[in-house]
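Quick one, fold the following:
(chains A and B)
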Amino acid sequence: MKEIPDKNLTGLSALDYFREINRTFPKTRAIQEHKAAGKKVFGWLCTYVPEEVILAAGILPVRITGYTQETELEDGNAYLYINNCSFSRSCLQMGLRKEYDFLDGVVGGSTCDGARRLFDVWRFYLNPEFFHVLTVPRKFHERAHELYYHQVEGFKKHLEEYTGKAITDESLLKSIEVMNQQRKLLKELYELRKLDEPLITGAETMEVLNGTFRMHKEECNSYLAELINELRKKNQGHKARARIMLIGSVLNNPEFLKGIEDLDTIIVTDELCTSTRYWSEPVVLEGAKNPLEAISRRYLNNFPCARMFPSNERFDRIIQLAREARADGIISETIRYCVPYAHDIPLLSERLKHEDIPLLTLDVEYGTSGSGQIRTRVQAFIEMVEARKK
Amino acid sequence: MTTSETKRNHIESLLRACRLVSRINKNRPDCKKSELMYYQMLDKYFNNVQRAKQENGFLAAHTIFFPVEILYAMGITPLHNEVTTWTTALLLGNQAEFLTAGAEAGMAPEICSPHRGLAGGFYRQMLPRADVILWTNLICDNSAKAGEYLMELNRCPGFFLDHPFGDTQEEQAYMVEELKDMISFLEKHSGRKMNWDKLAQSVAEMDKQIKLHAEICQLRKAIPSPFPTRRFLEFLTVDYMFAGQPEATEYLVTLRDELAEMVQQKKGAVYPERFRLMTLFVPPIYLIAFLENLFQEYGAVSATEPLFTYWKYSPLDPSKPLESVVKKSYLIPESRTMYGPLGESTLQDIRDCARDYRVDGCIYYAFMGCRHTCATVKMFKDTLNEIDIPVLTLDCDLVDPTINSQSEVRDKMEQFFELLEDR
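Sure, this is the predicted structure:
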């Protein structure tokens, strides 16, 4: 059953629904009802975790994120030390403060140092009923696909042992269908951002994306379709003096994007694990020996994060996206101590310079709103970008 | 001249420093034969690096935990990036120059200092230009991400060795295939062929070396502990730089025999031995001599380093050289304890070491550039506190002296020794 918000906050009822989900997270009605029905809820962290397999086991997958506002991270600092990224510390603190106590299981990938130690500490101190970390190769070659397929197969077996039920090809096909539908709808939503006058802002898009991580997929899809219809009926889009692409470390704080867009700019596309990298590729059944293989191929072939080799795979796709969305400039944010993204900066800067795409690099903390010095630097960048256009 | 104009090749300086230390050591009455051998090995190593560039050799710069035995078996000269950076810090004291160069090269401050330093070293041509860059994700993101930029700085090809996170059969088989690809890559770029007999010999040597490491671990359980804290790095470097080489075996045999003799004579590295310590992670390299003096003053000794020197023997098979190289990569203590999902086995190693080495306290050197180790500080501390072992956590950097001053370190150490004394 759909949750209808009390107030029409934006004039877009579907967007208000996503906002309501985010406002009540992690105690959303969807999660509470799912638990009340005796069903399981799993937290997943990192876009290399195949949600389809969790869904096919009849389990509600919920993305583990941290506080989407600036928060003192006393517990996170104490348990993960201050030199781990604030995203890991923030997620852990929510766990330690029992804000994720509804989770029956936690699933992650061996993606980066911050994430893998977050899993270690999470398991040690919070001891979830089900716990699984997949080995994610850093390459894309055929052998890496074979290894990752074994990993996803192992994960499926582990889930089957846990639930006592077989995960059938039929249930995998059904979950592929629903996830692909979500990806298709998000792609459509992103097309509306590429228009001369985008119909939705970057900050609003982030609110929608946050909602997708925290609700039943079918319900999410119906709201996404509704939102797209509502947006298409809008007479006017957003005019802005500069079109910006946002890239970099994990970020799901709409306020950060709003801070940039408040400077009379519009974020027309992005390359974040909470956005494009989450939805960009569908699962393709054609050519796969079974649904599980199709799933594992999709996840390893998906838009790569900075951990993957070679980095040019990521850079090429960033440039392609920037061109498609006609971005005037790119803002790259790196969470402090997010080493994979920090390492990419010198090479990426060179590539973008070669492509004549202006780049602003920002060091941020997860959950930051983008005020103060960040705002000043963005402002100067926008002025520079604007001047280039003239 | 501004610092950014520096283009001096520091290998020559390192060679001079090694020779100077060797000369000093020869005149030290307490200097052990193994210590003399170590500096001779370093001398030979950096001399080979120098010659590789002068005599049309092929120089492969590689990151930590890279299977160097493959290079030796192919007649390729290795240059260990991290060890070269920290040896420079230790022997030449010019780490600031490397770190400044790293910043100039665009290395963000959160990247660990040896990696910033080595990028700086190549950026300013303080290190010889490599013919090829080889790197692996064992053991952290810094290693995994270091290679591509180094390729750019050296304008050379490179190979990334993707080490799987776990140790299942499929993952080990994956790693074997990665090694095969890398050998093909090296054959293509170096014009040299893999000498499989030589690799098999290296595996046989590594098997002996792991046994020797494990024997040395046993000897260090003695009271008083025979192994001086300052030689901890030496112990690591021998495996990092000379794995599978006969001179490493010879060094370890000599060291084992020296320690056995000391144990038999009940001689300790410090006299009187008052505090037996566990060391977690690596002490600041630029403070090694200072720490040694401080430990001597207080009668403290690092009796065990479970994350770095706690080898457990498991046989390698020379008839299956690549499988053995892979197996060894999982046996390295840092890899065994800190890579892959960190769980009960690592915690049990720490408890076992605390008990078997009868430690009074533990010092955790929280190297601020190393995220994956610092994230374990609380877990390890809680584990040790459960068995009544106090832990001092010391924020520091491996090579950057700006994080913590010598006097701060002294104050904290002294307070910790007082606490141990009171207990």
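
can you list the residues of the stretch 201-350 of chain A near chain B?
Applying Cβ under 8 Å from any Cβ of the partner chain, we find that the stretch 201-350 of chain A lies next to chain B at A:306-307, A:309-311, A:334, A:336-340, A:342-347, A:349-350. The way it works is simple: take the backbone N, C-alpha and C, and place the C-beta from them, glycine included.

Let me know the pLDDT of the nearest residue to B:Lys193 once chain neighbours are set aside.
Excluding the flanking residues, the one nearest B:Lys193 by Cβ to Cβ, 6 or more residues apart in numbering or on different chains is B:Glu187, at 5.9 Å. Per-residue confidence (pLDDT) for B:Glu187: 98.

Pretty sure B:Glu187 sits in a helix.
Yes - judged by DSSP: H, G, I helix; E, B strand; the rest coil, B:Glu187 forms part of a helix.

Please, where are all the strands along chain B?
Per DSSP state E, chain B carries strands over the ranges B:59-62, B:77-80, B:132-136, B:158-161, B:275-280, B:300-304, B:361-367, B:391-396.

quick one on the thing from earlier: among the residues of the stretch 201-350 of chain A next to chain B, which ones are buried?
A:306-307, A:309-311, A:334, A:336-340, A:342-347 (16 or more other Cβ atoms under 10 Å in any protein chain shown).

and B:Ser392, bridged to which residues?
For residue B:392 the amino acid is Leu, not Ser. Bridge pairing for B:Leu392 (DSSP bridges) gives the partners B:Ile363.

quick one: contacts for it?
By Cβ atoms under 8 Å, 6 or more residues apart in numbering or on different chains, the contact list for B:Leu392 reads B:Gly361, B:Cys362, B:Ile363, B:Tyr364, B:Lys412, B:Met413, B:Phe416.

picking that back up, which of the residues of the stretch 201-350 of chain A next to chain B fall in helices?
Among these, the members falling in helices (DSSP state H) are A:Ser311, A:Val339, A:Pro340, A:Ala342, A:His343, A:Asp344, A:Ile345, A:Pro346, A:Leu347, A:Ser349, A:Glu350.

For the last one, which non-adjacent residue is spatially closest?
Read it as A:Glu350. What sits nearest to A:Glu350 in space, not counting adjacent residues and going by Cβ to Cβ, 6+ apart, is B:Glu152, at 7.7 Å.

The one you found contacts A:Leu347, doesn't it?
Yes - B:Glu152 lies in contact with A:Leu347 (Cβ atoms under 8 Å); the separation is 6.4 Å.

Any idea which residue of the stretch 301-423 of chain B lies closest to chain A?
B:Ala375 (3.5 Å; Cβ to the nearest Cβ).

Next, find the distance separating A:Thr276 from chain B.
A:Thr276 sits 21 Å away from chain B, going by Cβ to the nearest Cβ, to the nearest Å.

so what's that residue up against?
Neighbouring residues of A:Thr276 by Cβ under 8 Å, 6+ apart: A:Tyr190, A:Thr269, A:Asp270, A:Phe303, A:Leu321.

Most neighbours of all those residues, which one?
Counting neighbours by other Cβ atoms under 10 Å in any protein chain shown, A:Asp270 leads those with 28 neighbours.

For that one, give the beta-bridge partners.
Here A:Asp270, judged by DSSP bridges, has bridge partners A:Leu246.

Quick check, it in contact with A:Arg243.
No - using Cβ under 8 Å, A:Asp270 makes no contact with A:Arg243, being 12.0 Å away.

residue closest to the middle of chain A?
A:Thr274 (1.4 Å; Cα atoms, centre = their mean).

do you know how far B:Gly102 is from chain A?
From B:Gly102 to chain A the distance is 10 Å (Cβ to the nearest Cβ).

ok, that residue touching B:Phe122?
No - proximity of B:Gly102 to B:Phe122 does not meet the contact threshold set by Cβ under 8 Å, at 9.6 Å.

helix, strand or coil for A:Lys289?
Assigned with three-state DSSP, A:Lys289 falls in the coil class.

Can you pull the poorly scored residue ranges out of the chain?
Assuming you mean chain A. A:1-11 (pLDDT under 70).

wait, I meant chain B there
Along chain B, the model assigns pLDDT under 70 to residues B:1-8.

helices or strands up against the helix ranked longest in it?
The helix that spans the most residues within chain B, counting by DSSP H, is helix B:196-219. Judged by 3 or more Cβ pairs under 8 Å, 6 or more residues apart in numbering or on different chains; DSSP states H and E, the packing partners of helix B:196-219 are helix B:68-74, helix B:232-242, helix B:246-264, helix B:321-331.

okay if I get those as TSV plus distance to chain A and mean neighbour count?
As requested, those are exported to TSV (distance: least, Cβ to the nearest Cβ, whole Å; neighbours: other Cβ atoms under 10 Å in any protein chain shown):
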stretch	distance to chain A	mean neighbour count
helix B:68-74	18	23
helix B:232-242	20	21
helix B:246-264	29	18
helix B:321-331	13	22
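
I'd like these as a markdown table, with distance to B:Lys32 appended.
As requested, the helices and strands packed on helix B:196-219 are arranged in a markdown table below (distance: least, Cβ to Cβ, whole Å):
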| stretch | distance to B:Lys32 |
| --- | --- |
| helix B:68-74 | 25 |
| helix B:232-242 | 10 |
| helix B:246-264 | 5 |
| helix B:321-331 | 26 |
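
so which of the ones you listed comes closest to A:Glu218?
Smallest distance to A:Glu218 across those (Cβ to Cβ): 43.9 Å, for helix B:321-331.

report the angle between the axes of the closest one and helix B:196-219?
Angular relation of helix B:321-331 and helix B:196-219 on a 0 to 180 degree scale: 20 degrees, by axes from the mean of the first three to the mean of the last three Cα atoms, to 10 degrees.

now helix B:321-331: how far from the chain's centre is it?
Computed by Cα atoms, centre = their mean, to the nearest Å, the chain-centroid distance of helix B:321-331 equals 18 Å.

Need the residues that contact that helix.
Residues outside helix B:321-331 that contact it (Cβ under 8 Å, 6+ apart): B:65, B:67, B:69-70, B:138, B:163, B:167, B:172, B:175-176, B:179-180, B:196, B:199-200, B:202-203, B:206-207, B:210, B:243, B:311-312, B:314, B:316-318, B:335-336.
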